[in-house]
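1. can't give you the sequence, but here's the structure:
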Ligand SMILES: Cc1ncc(COP(=O)(O)O)c(C=O)c1O
């Protein structure tokens, strides 16, 4: 039985909400940074990449055309072993490759799970376990040390713990029970960097650090970790200056808290470094997911302050499958391609092309502002939600898939392997769509 492309939404709609894209993805015939609609045969330029989770585009020749990889995928896909307790050669090959290409020497402990939110949640559990035991050593007899310092505009997922630290669109967390954990303002940069902008952000950084220090005083010994995305993604592609990251490192060290970077969206090459935190400071734990296919955490040696940390005691953090072996094998091949094709450097240079182009848009077009980016993780702003949504919708109409974030931002998430031609094609559609969308706006007609 095969459902025809025309029937896909109808069949799914009987049992689930199908308010996603109108297109039906043609897995076989989509290629590179293009997604093909199986219903119409239309090829969309893909600056969306399944919410930034597809690193090499569609049917990359070194994936789809690699016979040994296809066979290995086939062999593992007919099984689903519980990787936390039953080990395979395929898993060891993956971990070895990850170790060579992506695991920094300062984050030697690893844990795998399915889902970015669960990765972040397990990073928090690792920190709670560490802090509570530290407090026992200090003489506490109750479990103290279960708060997470986090930031405004953060998105860390929709699982039990992560909902307490996610505060972008209220719909995502409202009515669900949450913890009252200390939330600090987040002093994002604005671009271009003028002396006024710098002065303003320095002021907001000082305020945020003062808030954090106050929380550490107000809740002594209770804050287990500082959790932040190196660049806040869903909240609006909000960049922090290295100076701010350094202050967070200092606060974590001085207050016996772990510094956790949520690299679920920023990790695996997108920023022009393998991990985005490499632009800033070394954290104690990172959470990863999305482009890594398998999600999880990597943790550093500070964890070992406590002998009975979660990587040393069975079942403190665990799940049945411990990540999915198919995802591990797929990620192993992705890592090999990233390494062979020097894709992290490629991202850095394509990122320069992209950023220069959107800086040009901001100069040329009255209603485009705040062009910013690290590697291919670029973004720009429109005046408000309405105009931003109108541009995104017009892009879709003109066969470019691109994502919004924050109240008024458009974010770029092309595959790491995107070519200069693919970038230019997408940018041409974006510029034309901007002109059409704003041209329709009764308030600003003719000005944009
Ligand atoms: C920074 C960040 N953390 C966590 C998550 C949650 O990941 P998942 O949706 O895989 O649970 C996301 C998802 O967009 C994210 O961007």
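-> All right, it came through fine. Just so you know, these numbers come straight off a predicted model, no measurement behind them. Numbers count the residues shown, from 1 in each chain.

2. partners of the host helix or strand of residue 150, with directions?
-> Element membership for residue 150, per DSSP states H and E: strand 147-151. With DSSP bridges as the test, strand 147-151 is paired with strand 183-184 (parallel), strand 223-228 (parallel).

3. So which of those strands is the most surrounded?
-> A comparison of the strands paired with strand 147-151 by mean neighbour count, using mean count of other CB atoms under 10 Å, puts strand 223-228 on top with a mean of 26. C-beta: built from backbone N, CA, C; applies to glycine.

4. Contacts made by it with the rest, please.
-> 120, 123-124, 127-128, 130-132, 145-151, 154, 156, 165, 182, 186, 212, 215-216, 240, 248, 251-252, 255, 257-262, 284-285 (CB atoms under 8 Å, 6 or more residues apart in numbering).

5. Could you work out the end-to-end span of stretch 45-62 for me?
-> Terminal residues of stretch 45-62 are spaced 20 Å apart (CA to CA, to the nearest Å).

6. Compare the strands paired with strand 147-151 and report which one is nearest to the ligand.
-> Closest of the strands paired with strand 147-151 to the ligand is strand 223-228, at 9.7 Å (criterion: CB to the nearest ligand atom).

7. sorry, back to before: in helices, which of the contacts of strand 223-228 appear?
-> Counting by DSSP state H, the part of those found in helices is 120, 123-124, 127-128, 130-132, 212, 215-216, 248, 251-252.

8. so who does the closest residue to residue 246 other than its chain neighbours touch?
-> Nearest residue to residue 246, sequence neighbours excluded (CB to CB, 6 or more residues apart in numbering): residue 281, at 5.8 Å. Counting by CB under 8 Å, 6+ apart, residue 281 touches 242, 245-246, 248-249, 259.

9. how does it look with 7 Å?
-> 245-246, 249 (CB atoms under 7 Å, 6 or more residues apart in numbering).

10. Return the distance of it relative to the ligand.
-> Going from residue 281 to the ligand by CB to the nearest ligand atom, to the nearest Å gives 18 Å.

11. In three-state terms, how would that residue be classified?
-> Following DSSP: H, G, I helix; E, B strand; the rest coil, the label given to residue 281 is coil.

12. For the contacts of residue 281, which single residue is the most surrounded?
-> The most crowded member of those, judged by other CB atoms under 10 Å, is residue 245 (19 neighbours).

13. thinking again about what came up before, which one of the contacts of residue 281 sits closest to the ligand?
-> Using CB to the nearest ligand atom, the contacts of residue 281 come closest to the ligand at residue 245, 15.7 Å.

14. Now do the strands in the stretch 301-448 of the chain.
-> Taking DSSP state E, counting those that start in this stretch as the criterion, the stretch 301-448 of the chain contains strands spanning 369-374, 377-381, 400-401, 403-405, 409-411.

15. Provide a list of residues in contact with residue 412.
-> If a contact means CB under 7 Å, 6+ apart, then residue 412 has 47, 354, 376, 378-379 as its contacts.

16. how far away is it from residue 167?
-> 24 Å (CB to CB, to the nearest Å).

17. now residue 414
-> 28 Å.

18. So for these two, which residue has more residues nearby?
-> Counted by other CB under 10 Å, residue 414 and residue 167 do not tie: residue 414 has more neighbours, with 29 against 20.

19. pLDDT value on the more buried one, please?
-> On the pLDDT scale, residue 414 is placed at 98.

20. tell me the contacts of the nearest residue to it once chain neighbours are set aside?
-> Nearest residue to residue 414 in three dimensions, chain neighbours excluded: residue 47, at 4.9 Å (CB to CB, 6+ apart). Going by CB under 7 Å, 6+ apart, residue 47 touches 400-402, 412-414, 426.
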